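*Asks:* Next come a sequence and a model predicted from it.
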Amino acid sequence: MISIIIPSYNEEESIERCLQSLSNQTIPRYEYEIIVVDGNSVDRTREIADKYADLVFIQESKLVGGARNDGFKRARGNIVATTDADCIIPKEWVERVLMDFSHPDVVQIYGPVYPVEPGFKHKISLFLANNFSKAGYYLKIWYFTLGCNTAFRREAFIKAGMYRCIDAGDDLEIAVRMKKEGKVLFDNSLRVGFSMRRYQKFGTLKSLYEWLYIVHSGGASDKYSYSHREYK
């Protein structure tokens, strides 16, 4: 059994596409579970999620890291993966995750992303981000483990202390602690469709600057916040 956790907040326009892609994988549906942890949306997010997910509930902890932790606590799988409600998941993704964990020393895996929205600018932005991620991995300097495309061995994740409940950078910080539990693996074939809507609305450079500012500030900042940000 593998569990897939999806944090959500007012995602009625995107979550069905994500859940449909997760429901049509190359392995049988009964071999994995889908858990949607919702931030008390005021739209139809939970109603839509109920049609596809095995479990939908309102999060109890703060921020997106807390939502993922809430999902881990209720997950039944020994392997637990995370993605985002506005992502598109290739049909071989779950099978690929399971294959990567056939290596007993691996405790976390992650992969690159490609843009859901069309446009050369988006392709260039994610090309640079993916190569930044690869460089960090192969040089053993950093692990750019985006929360939209990563998975953990459940016992090692709990032993490492789970996600920090911070406003940004929680999906990077966790890899530092997971390294102490075993091997963190980058799989270039483990790709996920990533929505660029934040960058379309707020601007790529501005969003990147704010994210870096928050991460540099320790993951929380009074100046900028990604919490419950609307991208419509």
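*Replies:* Arrived safely.

*Asks:* For the closest residue to Y32 other than its chain neighbours, give the beta-bridge partners.
*Replies:* Take Y32 and drop its neighbours on the chain: the residue closest to it by C-beta to C-beta, 6 or more residues apart in numbering is I2, 4.5 Å away. C-beta here means a position set from N, CA and C on the backbone, and glycine is covered the same way. Taking DSSP bridges as the rule, I2 bridges to Y32, I79.

*Asks:* Counting neighbours, what do you get for I2?
*Replies:* 21 (other C-beta atoms under 10 Å).

*Asks:* Then the one 10 residues further on?
*Replies:* With neighbours defined by other C-beta under 10 Å, the count for E12 comes to 18.

*Asks:* Against A129, how distant is S195?
*Replies:* According to C-beta to C-beta, to the nearest Å, S195 and A129 sit 14 Å apart.

*Asks:* If you count surrounding residues, which of these two has more?
*Replies:* A direct count of neighbours by other C-beta under 10 Å for S195 and A129 places S195 higher, at 22 against 16.

*Asks:* Just the pLDDT for the closest residue to the more buried one other than its chain neighbours.
*Replies:* With sequence-adjacent residues excluded and distances taken as C-beta to C-beta, 6+ apart, S195 is closest to D86, at 4.0 Å. D86 carries a pLDDT score of 93 in this model.

*Asks:* and if you look at the one 4 residues further on?
*Replies:* Per-residue confidence at P90 stands at 97 (pLDDT).

*Asks:* do L205 as well
*Replies:* L205 is given a pLDDT of 49.

*Asks:* before we move on, what about E210?
*Replies:* 51.

*Asks:* same thing with A135?
*Replies:* At A135, pLDDT is 88.

*Asks:* What is the burial count for it?
*Replies:* Counted with other C-beta under 10 Å, residues neighbouring A135 total 12.

*Asks:* Report the contact partners of it.
*Replies:* I141 (C-beta atoms under 8 Å, 6 or more residues apart in numbering).

*Asks:* Pull up the gap between it and D171, please.
*Replies:* Applying C-beta to C-beta, the value for A135 to D171 is 18 Å.

*Asks:* same thing with I141?
*Replies:* Relative to D171, and taking C-beta to C-beta, I141 is found at 17 Å.

*Asks:* Which one of those two is surrounded by more residues?
*Replies:* The neighbour comparison of I141 against D171 (other C-beta under 10 Å) goes to D171, with 22 against 8.

*Asks:* Please look at K134 and Y143 and confirm they touch.
*Replies:* No. Applying C-beta atoms under 8 Å as the test, K134 and Y143 come out as separate, 10.9 Å apart.

*Asks:* residues bridging contact with these two, i.e. touching both?
*Replies:* Shared contacts of K134 and Y143, defined by C-beta under 8 Å, 6+ apart, are found at F186.

*Asks:* which one of the two has more residues nearby?
*Replies:* Each of K134 and Y143 has its neighbours counted (other C-beta under 10 Å); Y143 has more, 22 against 14.

*Asks:* who's in contact with that one?
*Replies:* 110, 136-137, 172, 175-176, 179, 184, 186.

*Asks:* Closest one of these to G39?
*Replies:* When the contacts of Y143 are ranked by distance to G39 (C-beta to C-beta), L172 comes first, at 21.0 Å.
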